[in-house]
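Colleague: okay, structure incoming, though there's no sequence with it:
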């Protein structure tokens, strides 16, 4: 991913080169709304930095750029007051914050999936055991129900184990 800097200041390319070197990312520049929108149509960016002067002089243009930025982090900076070091810190901080938020979202999604899976396995185990208790112990159906109950029990034990142990033994043993 790369960064898009939208500013009309002289030396924008020098600033972009310094930020690229500090972040280890590609940094493109656009001198206004039109060139920014062209760049946004061509590719995705990790962040879009708009000069505060552009945003204040033409709020509609800034809004259009934000709307077309997709998943890019919007950053507004006053280039007249901020140096390259501050700009780099602001971009790095925003990217790190997004990474933390994504990690938290992945953990929450994994926990929700695990809870749903545990509930489903518990229901499967309960239903197969109930069906077994009401059927002839020697019938072919009872044998299949025992297999389902065994598989559900194995899944339940694996889900009860810590995640590190599950990743070492991903296969579910069955019949």
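Modeller: That came through fine. Treat the numbers as computed from the prediction; the structure is a model and nothing was measured. Residues are numbered from 1 along each chain as shown.
Colleague: would you check how far apart the residue nearest in space to the middle of the chain and residue 74 are?
Modeller: When Cα atoms, centre = their mean is applied to the chain, the residue found nearest the centroid is residue 102 (4.1 Å). According to Cβ to Cβ, to the nearest Å, residue 102 and residue 74 sit 17 Å apart. For glycine as for every other residue, the C-beta is placed from the backbone atoms N, C-alpha and C.
Colleague: do residue 145 as well
Modeller: Counting by Cβ to Cβ, the gap from residue 145 to residue 74 is 57 Å.
Colleague: and those two? which has more neighbours close in?
Modeller: residue 145 (20 against 15; other Cβ atoms under 10 Å).
Colleague: how about that one, nearest residue that isn't a chain neighbour?
Modeller: residue 132 (4.7 Å; Cβ to Cβ, 6 or more residues apart in numbering).
Colleague: would you state the helices of this structure in chain order?
Modeller: 12-23, 33-42, 52-57, 59-68, 84-133, 140-160, 163-168 (DSSP state H).
Colleague: need those in a markdown table (columns: mean pLDDT).
Modeller: Below are these laid out as a markdown table (pLDDT from 0 to 100):
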| stretch | mean pLDDT |
| --- | --- |
| helix 12-23 | 92 |
| helix 33-42 | 94 |
| helix 52-57 | 90 |
| helix 59-68 | 92 |
| helix 84-133 | 88 |
| helix 140-160 | 81 |
| helix 163-168 | 58 |
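Colleague: dump those helices into TSV; add distance to residue 1 as well.
Modeller: What follows is these, written out as TSV (distance: least, Cβ to Cβ, whole Å):
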stretch	distance to residue 1
helix 12-23	11
helix 33-42	13
helix 52-57	22
helix 59-68	16
helix 84-133	9
helix 140-160	36
helix 163-168	28
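Colleague: out of those helices, nearest to residue 78?
Modeller: Between residue 78 and these, the shortest gap by Cβ to Cβ is with helix 52-57, which sits at 4.1 Å.
Colleague: in the closest one, what counts as buried?
Modeller: 52, 54, 55 (16 or more other Cβ atoms under 10 Å).
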